[in-house]
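S.K.: How does the following fold in three dimensions:
(one chain, ligands or ions: 1)
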Amino acid sequence: MRLVAEGLSAKRGEDLIFRDVSFDIGAGEALVVKGPNGSGKSTLLRVVADLLPRESGKIRLAGGETQGFDSVAGACHYLGHRNAMKRELTVEENLRFWKAFFGDSRGGTGVAIDEAADAVGLGGILHLPFGYLSAGQQRRMAMAKLLVAWRPVWILDEPTAALDASAEAMFAGLVKAHLSRGGLALAATHQPLGLGAVSELQMGGFAAIFAEAWV
Ligand SMILES: Nc1ncnc2c1ncn2[C@@H]1O[C@H](COP(=O)(O)OP(=O)(O)OP(=O)(O)O)[C@@H](O)[C@H]1O
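M.R.: Predicted structure coming up:
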């Protein structure tokens, strides 16, 4: 499977944030999106996940085996700035919800909830309300969400914000395991993800578009 984007452009409000963005990510590969604050990294990721409309361009799954997914949105896990967990529910209840919500797919199955919690180093606190956890623990649990149901495309927006060094290394291991399983990842980040040599996409943002228009 491949994730292919061709000539994407997007607006926020009336402003063109980026234009003519293209990439092609194969199974087992990660693309890291870089750029200064406000350059459109989050906007690009949301457009790819179909959470925001695009102004122009195409996004598609390509390759022979698309694992039964007929859209990129259906094939992806999106980890945004927010953790998408209910503060009042326990960690276990939150993960149980997400596991049932996503369900399994033809391409693979997710791991059990306690296994996912163990994988992010938080096996002992499944009974606690999510709102009791520290910021770093909350982020770890959001990562466990990626594991409870199989989705080949991981879209990750600043995934390691609020994480300590050991959690960063843990997350790098999760992403590498995902890639070795044939998954792929698109990640926006300001800091290295510890994935080794990966392709990078540099966003210039509106300022770059403006400058280009006036040369
Ligand atoms: N709802 C909105 N209406 C208008 N402009 C918006 C809206 N949301 C975001 N923007 C603008 O879109 C631009 C891109 O924002 P985006 O969050 O994609 O940038 P980013 O590269 O992810 O930034 P950061 O590194 O700070 O997370 C910014 O200039 C922002 O002010």
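S.K.: Next up, the contacts around the spatially closest residue to M203 that is not a sequence neighbour.
M.R.: Using Cβ to Cβ, 6 or more residues apart in numbering and skipping the chain neighbours, the partner closest in space to M203 is G35 (3.2 Å). C-beta coordinates here come from the backbone N, C-alpha and C atoms, glycine included. Applying Cβ atoms under 8 Å, 6 or more residues apart in numbering, one finds that G35 lies in contact with K41, Q202, M203, G204, G205.
S.K.: Roughly how far does G35 sit from L128?
M.R.: Relative to L128, G35 is positioned 37 Å away (Cβ to Cβ, to the nearest Å).
S.K.: Could you double-check that A10 lies in contact with T43?
M.R.: Yes. Proximity of A10 to T43 meets the contact threshold set by Cβ atoms under 8 Å, at 5.4 Å.
S.K.: so where is the chain shaky, pLDDT-wise?
M.R.: Within the chain, the segments meeting pLDDT under 70 span 205-215.
S.K.: What helix or strand is N83 located in?
M.R.: Using DSSP states H and E, N83 sits in no helix or strand.
S.K.: heads up, I number from 25, so please use that
M.R.: Okay, using 25 as the starting number, the last item reads as N107.
S.K.: Number of residues surrounding it?
M.R.: Number of residues near N107 (other Cβ atoms under 10 Å) recorded here: 20.
S.K.: Could you report the separation of the residue nearest to it when sequence neighbours are not counted from R78?
M.R.: Leaving out its chain neighbours, the residue that sits closest to N107 by Cβ to Cβ, 6+ apart is A166, at 3.8 Å. The spacing between A166 and R78, counted by Cβ to Cβ, is 26 Å.
S.K.: cool, R111 as well?
M.R.: 32 Å.
S.K.: And the two? Which one has more around it.
M.R.: More neighbours surround R78 than the other of R111 and R78, with 20 against 12 (other Cβ under 10 Å).
S.K.: now the longest helix along the chain, how far from the chain's geometric center?
M.R.: The longest helix of the chain (DSSP state H) is helix 189-204. Relative to its chain's centre, helix 189-204 lies at 13 Å (Cα atoms, centre = their mean, to the nearest Å).
S.K.: Just the closest of the contacts of G59 to S129, please.
M.R.: Closest to S129 out of those is K65 (27.1 Å), distances taken as Cβ to Cβ.
S.K.: my read: that closest one touches V56, true?
M.R.: No. Counting by Cβ under 8 Å, K65 does not reach V56; the two are 9.8 Å apart.
S.K.: How about the residues of the chain by the ligand?
M.R.: R36, G37, D39, I41, G59, N61, G62, S63, G64, K65, S66, T67 (Cβ under 6 Å from any ligand atom).
S.K.: Could I get the buried residue list for the helix or strand containing F47?
M.R.: Using DSSP H and E, the element containing F47 is strand 39-50. Buried residues in strand 39-50, counted by 16 or more other Cβ atoms under 10 Å: I41, F42, R43, V45, F47, I49.
S.K.: Cheers, nothing more for now.
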